[in-house]
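> Sequence first, then the predicted structure:
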Amino acid sequence: MRNRNFKRDKHVIKKRRHTSYDKKAVRKTDLSSKKDRSAGRGRKDSGMDPIPEVFEDETVAESMKLPDRVSDEEIKGRLDLRDQLVFTIDGDHTRDFDDAVSLSFENGIYTLGVHIADVSHYVKENSALDREALKRGTSVYFPDRVIPMLPESLSNGICSLNEGVDRLTLSCIMKIDMNGKITDHRIADSVIRSSHRMTYGQVQGILDDTDEDAREKFKDAVPVIFQMRDLSKILKEKRARRGALEFETVESEITVDSEGRVTDVRRAERNEATELIEEFMVAANTTVATRFCDLGIPFLYRVHGRPDGEKLASLSRVAKTYGVFMKTDKKHKISPLEMQRFLRAFKGTDEESFISVLALRSMQHAEYSTESTGHFGLAEEKYSHFTSPIRRYPDLQIHRIIKEYLSDKLSDRRISHYKKILPKVAEKSSMFERRAEEAERDSVKLKKCEYAAGHIGEVSDAVISGVTYFGIYAMLPNTVEGMIHISKLPGGYYQFNEEKLELTDSTGNTLRMGQKIKVRIEHCDTRVGNTDMAVMENPNMSLFEGAEKNTTDKSKDKTKKKKGKTGELKNQTEKPKDKTEKLSDQTEESKDKTEKLKERAAKPRGKTEKIKSKPEKLKIQTEKPKDNTEKSVEETEADKEKKTVKYVLDTVRSDAGKIRLMIKRTTV
């Protein structure tokens, strides 16, 4: 699904390490020994430099000088948490662990610890490592490899919170009551020793009581894991009450072999284990942003503006046709809580998919800023990125500011320095994030196409995932998506409704997002990642089975009026007898007109005759002859072979004055 990048702020498993809002990042794939050069160094027309793949010699040399273990001298003055139960929860293939969690519960108060790798202790400002990290902006996660922001000696070594070893951290420790309110907090330089390296699957197995091995291996942490689930539910409910948005997005999990070839594509599943980490990361990010915003210290924030007013007005008009009204002010501004209510009104309906797409299109991009203007998607007034300094430069930047503040080194000179450099850091970080997102999306598209190329000719169930004026997109259950051109759709001409994202044929059947169809994979262009599909039909199933007629109550009334003109009122019962003769006359007149049209069709096709009659007259319906052998035009087999199908792009002006694109299918 082609969405705005604010989706990247939410924790999504297996894909990138974040998607829909600013939650923890998760997808960390294997670093393949063989790089797939087919995707993603930044688009040539994007105006941005390509993604650097090789570290500068100076950067590598500097990284090699860093220690591989924490010394006693470095621990001095830090909050020592090595005797506490602290552990990491990440994906199966994760190799860089930048966050760990701890939890205790006493007297109705949770004490949640979010412990983040202290990368800024090793990556000093304006060093070769720092300059290279800023130039990259973020780690880039492809299906078969990762282009890291920092060399592996840091990201997988001294900065990674590996199990059983001492690591320097920056901890945010929060006191949270039973209503999810953060009553107190502490941010401190610390040192931890991770007790366990857990995966999302293992934690979910413990919660579901389906993984005895995990329960036995992590038996000291089992009670804490259940307490974490309870707290995450409290925090999630609190966010929901504020109006936090939850879009149903489809994410993919792509498996590749050692050569980078795709072996499997499947839908990534979310579970309670991923959600509890998301909630804890959001809590820490919010707490840190609130603290430093209130202090008035120069800082980097993650912001997400209100939806675009014009697009929101368009969405509101579409929703009204389904009886759902959106409450906005005169400038078409909306609150997160109202947007949440609006989206929930379509939950579980046939319109949910395309309404979600329209809503996402109305959203602005999430980005970095020196001004705390709020995060609409998360319904947070103050928000930052604090939890991933190994792979996001803004997190690394604010760690430096926090540490200088904690050590009383944030002088007026340093404050002036940060005021000067932070706007540029915010701009570059936002730009490089978009570059990474484009490269990741292109890479996933290519890998899915490569996988589909091995299944050409296969038939599968699918769901319409996109509608355009030139055709539809269909998504298979495993998230592989393909295009079905309008010329391959059955029926006559189709009219595209841009507001509703619908294609309607001449009989009123409508194709829209979310409808189920059956398709066949026909062609794959693995150079650009395009997959072409065709609709499968059989005598027992129509493409439009389950599809709705594009008629409203008003259109039904108009149809009834038209029936009176074509003599079909004879089918209605209990009509006054004195009107019967008039209706019969209208029927006879309609038959005469139809016969004339048939005579014209029977003439040799020299010059095309212009039919000046109105469209309504061409839609006259009459009773079919009982004897199917009575036809006004007889066609030979030779005539049929000479016929070809021609598609003509035409424009039609609607009653409202809007121009619609229409593709007509004619036989010549």
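Structure received.
> ok, the residue nearest to residue 331 when sequence neighbours are not counted - contacts?
Nearest non-adjacent residue to residue 331, counting by C-beta to C-beta, 6 or more residues apart in numbering: residue 309, 6.1 Å away. Quick note: C-beta positions are derived from backbone N, CA and C, even for glycine. Contacts for residue 309 (C-beta atoms under 8 Å, 6 or more residues apart in numbering) come out as 331-333.
> List just the nearest of those residues to residue 245.
Nearest to residue 245 among the contacts of residue 309, counting by C-beta to C-beta, is residue 333 at 15.5 Å.
> correct me, but that closest one touches residue 306?
Yes. The criterion here is C-beta atoms under 8 Å, and residue 333 meets it with residue 306 at 5.8 Å.
> If you count surrounding residues, which of the two has more?
Using other C-beta atoms under 10 Å, the more surrounded residue of residue 333 and residue 306 is residue 306, with 19 against 12.
> Please report the distance of that one from residue 231.
Counting by C-beta to C-beta, to the nearest Å, the gap from residue 306 to residue 231 is 30 Å.
> just residue 528 next, same as before
46 Å.
> Output the below-cut-off pLDDT ranges for this protein.
By pLDDT under 70, the weakly predicted segments of the chain are 1-47, 537-668.
> what's the longest helix in it?
helix 412-453 (DSSP state H).
> Helices along the stretch 201-350 of the chain, start to end?
Ranges of helices within the stretch 201-350 of the chain are 212-217, 222-242, 272-295, 309-320, 336-344, based on DSSP state H, counting those that start in this stretch.
> Quick check: which of the ones you listed is buried the most?
Highest mean neighbour count of these: helix 272-295, a mean of 22 (counted as mean count of other C-beta atoms under 10 Å).
> angle of that helix against helix 222-242?
Interaxial angle, helix 272-295 versus helix 222-242 (axes from the mean of the first three to the mean of the last three C-alpha atoms, to 10 degrees): 60 degrees.
> one step back: looking at the helices of the stretch 201-350 of the chain, which is closest to residue 75?
Taking the helices of the stretch 201-350 of the chain one by one with C-beta to C-beta, helix 272-295 is closest: 22.5 Å.
> related to what we said a few turns ago, and the residue nearest to residue 331, how far from residue 336?
From residue 309 to residue 336 the distance is 16 Å (C-beta to C-beta).
> swap in residue 117?
Taking C-beta to C-beta, one finds residue 117 at 32 Å from residue 336.
> which residues touch the residue nearest to residue 299 when sequence neighbours are not counted?
Once flanking residues are discounted, residue 299 sits nearest to residue 292: 4.7 Å by C-beta to C-beta, 6+ apart. Residues near residue 292 by C-beta under 8 Å, 6+ apart: 299, 384, 398, 401-402, 405.
> repeat for residue 235
Per C-beta under 8 Å, 6+ apart, neighbours of residue 235: 176, 180, 279-280, 282-283.
> For the stretch 101-250 of the chain, just list every one of the strands.
109-117, 140-141, 146-147, 166-176, 182-193, 196-199 (DSSP state E, counting those that start in this stretch).
> Burial-wise, tell me which of those strands comes out on top.
Comparing the strands of the stretch 101-250 of the chain by mean count of other C-beta under 10 Å gives strand 140-141 as most buried, with a mean of 26.
> Mind listing the strands that one pairs with, and their directions?
strand 146-147 (antiparallel) (DSSP bridges).
> Return the distance of the strand it pairs with from the chain's centre.
Relative to the centre of its chain, strand 146-147 is centred 21 Å away, using C-alpha atoms, centre = their mean, to the nearest Å.
> just stretch 59-70 next, same as before
Going by C-alpha atoms, centre = their mean, where stretch 59-70 is centred and where its chain is centred differ by 38 Å.
> and the end-to-end length of that stretch?
21 Å (C-alpha to C-alpha, to the nearest Å).
> Could you check it and say which residues are buried?
By 16 or more other C-beta atoms under 10 Å, the buried positions in stretch 59-70 come out as 59, 62-63, 66, 70.
> repeat for stretch 524-541
Buried residues in stretch 524-541 (16+ other C-beta under 10 Å): 524, 529, 531-535.
> Stretch 399-411 now?
399-405, 410.
> wait, which of the contacts of residue 309 is closest to residue 213?
For the contacts of residue 309, the nearest to residue 213 is residue 333 (52.7 Å; C-beta to C-beta).
> List the contacts of residue 92.
Residue 92 neighbours (C-beta under 8 Å, 6+ apart): 199-201.
> if we take those, which one ends up nearest to residue 49?
Looking across these and measuring by C-beta to C-beta, the closest to residue 49 is residue 200, at 34.7 Å.
> pretty sure residue 176 is in contact with residue 230, am I right?
No. With contact defined as C-beta under 8 Å, residue 176 does not reach residue 230; the gap is 11.1 Å.
> Check the spacing between residue 320 and residue 375 real quick.
From residue 320 to residue 375 the distance is 29 Å (C-beta to C-beta).
> could you pull out the strands for the stretch 251-400 of the chain?
252-256, 262-267, 301-304, 366-369.
> related to what we said a few turns ago, which of the contacts of residue 292 sit farthest apart?
384 and 405, at 13.8 Å, using C-beta to C-beta across these.
> any chance of the contacts of residue 292 in CSV, with distance to residue 85 too?
Below are those laid out as CSV (distance: C-beta to C-beta, whole Å):
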residue, distance to residue 85
299, 32
384, 27
398, 28
401, 30
402, 25
405, 29
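> In helices, which of those appear?
Filtering these for helices - DSSP H - leaves 398, 401-402, 405.
> Name the nearest of the contacts of residue 292 relative to residue 206.
residue 384 (31.3 Å).
> okay, now that closest one: neighbour count?
By other C-beta under 10 Å, neighbour count at residue 384 equals 28.
> Next one: it from residue 517, what distance?
44 Å.
> now residue 152
45 Å.
> which one of these two has more residues nearby?
Between residue 152 and residue 517, counted using other C-beta under 10 Å, residue 517 has the larger neighbour count: 23 against 15.
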